[in-house]
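Novice: Any chance you could fold what I've pasted below:
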Amino acid sequence: MNGAAPGAWVEAVRWWAAYAYLEEAAVPGIASVKRDARCDVTLSRFLHSQTQARLALMGAAHGLRVELEPAKASGGPGDVRIGPVFIEVVTFAEDQKFQDYERFRENCRAHLFALDRGRDIYWEGDLPELLSGGDFETWKKRTEEAAQQCSALGAAVDVLSSAGRRLTVHPGTAPQGTTLTGDTVESDQGRRLLDKVHGKCAKTAGAGTAWIWVEDHSGLFHFPTPFAEMSLAAKTDALADLLGPLLAEYVHAAGIVVSNAARRRLPLPPDDDALRPAAQGFQRGLPLDRVRETIVIPRRILLPEQTGLIARMCDAEAAALDWALGKLGVPQGVTSLLTDSSTPRRDSALWTPRAGRGG
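Specialist: Numbers count the residues shown, from 1 in each chain. A predicted model of the protein is given here:
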């Protein structure tokens, strides 16, 4: 395996190990979680189910009784119970605005690339603002005309969007450093997160005392947003300031946790902790190249046993995979699954023989 392949493979093993251990241990609710994941194949459901399984595994690795989709005090299922801690999960993905513009930008690039074929031309400048329907067709028509004119006359031609964004087609070969720049898409991610957590707090009011766990998937920690580039301590303070008031408004909420593991680094950075007045931040490297940042914001009136339990889980998450693999018959953990062909190995329960070639 080359490049990022080992890291991606270990991530798949992590997902498998969580479900496999929980099923082998007959953890209550695992069948329901697996059924939901099969029936709803959206990104939101995938992240939600993965988070449920990951948290349950982290609790089990600490020797605690865990339950998936436990009953709420008001009836209906919750998400996960770990010892005395009842957790409700909410996922927070990339803003639809960004997704829409990224797809639009790729469509623009594909269109311009098609116009380059058979012509000695290149493009530079600004791609247009998000266009839809007839506006996008009009822009494409104008770029086609500009490409034809540039190719025929050997002169640069400008294409202006309705917002004044200038795209220029030139004759010849693109010099080094030529760029195409997309529009700036703005969105208040703090407001989006606050609204999402506010809604979850309101929906879980009948659950009894509960923690709200926000699993972020490039919604808040997405580079190059200003928040993603902040230090762990600054992130911890910012989220405590943003979300802390919800704990005063919703007395059933024991605390709010925001966690993200989208960043990849190899070698992994050292562990980092940010113990702040109103919250605690953790940065932990997960095998093989994932960096997880988790911010824990407890109530002002602390539940020390529950807060301490969540802190210990976050602190030791990196060890959960090897613990699960040991329970599943891979005692030497994930490292033993990454040995190359020149290293003597003992076959594990996950080893798959190389298929032979027929004569």
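Novice: Mind jotting down where the strands sit in this structure?
Specialist: Using DSSP state E, the strands of the chain run over residues 66-68, 80-82, 85-93, 121-126, 157-160, 166-171, 180-181, 210-217, 253-264, 272-275, 280-286, 290-298.
Novice: Redo the ones you listed as JSON lines? Include mean pLDDT, mean neighbour count and distance to Val330.
Specialist: C-beta: built from backbone N, CA, C; applies to glycine. As requested, these are arranged in JSON lines below (pLDDT from 0 to 100; neighbours: other Cβ atoms under 10 Å; distance: least, Cβ to Cβ, whole Å):
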{"stretch": "strand 66-68", "mean pLDDT": "98", "mean neighbour count": "22", "distance to Val330": "21"}
{"stretch": "strand 80-82", "mean pLDDT": "97", "mean neighbour count": "25", "distance to Val330": "24"}
{"stretch": "strand 85-93", "mean pLDDT": "92", "mean neighbour count": "22", "distance to Val330": "28"}
{"stretch": "strand 121-126", "mean pLDDT": "95", "mean neighbour count": "20", "distance to Val330": "52"}
{"stretch": "strand 157-160", "mean pLDDT": "96", "mean neighbour count": "16", "distance to Val330": "58"}
{"stretch": "strand 166-171", "mean pLDDT": "96", "mean neighbour count": "18", "distance to Val330": "54"}
{"stretch": "strand 180-181", "mean pLDDT": "88", "mean neighbour count": "14", "distance to Val330": "47"}
{"stretch": "strand 210-217", "mean pLDDT": "94", "mean neighbour count": "24", "distance to Val330": "26"}
{"stretch": "strand 253-264", "mean pLDDT": "93", "mean neighbour count": "22", "distance to Val330": "22"}
{"stretch": "strand 272-275", "mean pLDDT": "97", "mean neighbour count": "15", "distance to Val330": "29"}
{"stretch": "strand 280-286", "mean pLDDT": "97", "mean neighbour count": "22", "distance to Val330": "17"}
{"stretch": "strand 290-298", "mean pLDDT": "96", "mean neighbour count": "23", "distance to Val330": "19"}
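Novice: Save those as JSON lines, and put in distance to Val334 too.
Specialist: Shown next, in JSON lines, are the strands of the chain (distance: least, Cβ to Cβ, whole Å):
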{"stretch": "strand 66-68", "distance to Val334": "22"}
{"stretch": "strand 80-82", "distance to Val334": "23"}
{"stretch": "strand 85-93", "distance to Val334": "25"}
{"stretch": "strand 121-126", "distance to Val334": "46"}
{"stretch": "strand 157-160", "distance to Val334": "52"}
{"stretch": "strand 166-171", "distance to Val334": "48"}
{"stretch": "strand 180-181", "distance to Val334": "41"}
{"stretch": "strand 210-217", "distance to Val334": "22"}
{"stretch": "strand 253-264", "distance to Val334": "16"}
{"stretch": "strand 272-275", "distance to Val334": "22"}
{"stretch": "strand 280-286", "distance to Val334": "10"}
{"stretch": "strand 290-298", "distance to Val334": "12"}
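Novice: Of all these, which one comes closest to Gly244?
Specialist: strand 290-298 (6.0 Å; Cβ to Cβ).
Novice: For that closest one, list the C-alpha coordinates in PDB.
Specialist: These are the backbone C-alpha positions of strand 290-298, laid out as PDB (Å, rounded to 0.1, in the frame of the first residue of the first chain):
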ATOM      1  CA  ARG A 290      -6.100  10.600  12.000                       C
ATOM      2  CA  VAL A 291      -6.000  13.600  14.300                       C
ATOM      3  CA  ARG A 292      -9.100  13.900  16.500                       C
ATOM      4  CA  GLU A 293      -9.900  17.100  18.300                       C
ATOM      5  CA  THR A 294     -12.600  17.000  20.900                       C
ATOM      6  CA  ILE A 295     -14.000  19.900  23.000                       C
ATOM      7  CA  VAL A 296     -16.000  19.000  26.200                       C
ATOM      8  CA  ILE A 297     -18.200  21.700  27.600                       C
ATOM      9  CA  PRO A 298     -19.900  20.600  30.900                       C
END
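Novice: Give the partner strands of it in its sheet and their orientations.
Specialist: Looking at strand 290-298 with DSSP bridges, its partner strands are strand 253-264 (antiparallel), strand 280-286 (antiparallel).
Novice: Can you check which of the ones you listed gets nearest to Asp271?
Specialist: Closest among the strands paired with strand 290-298, using Cβ to Cβ: strand 280-286, at 5.7 Å.
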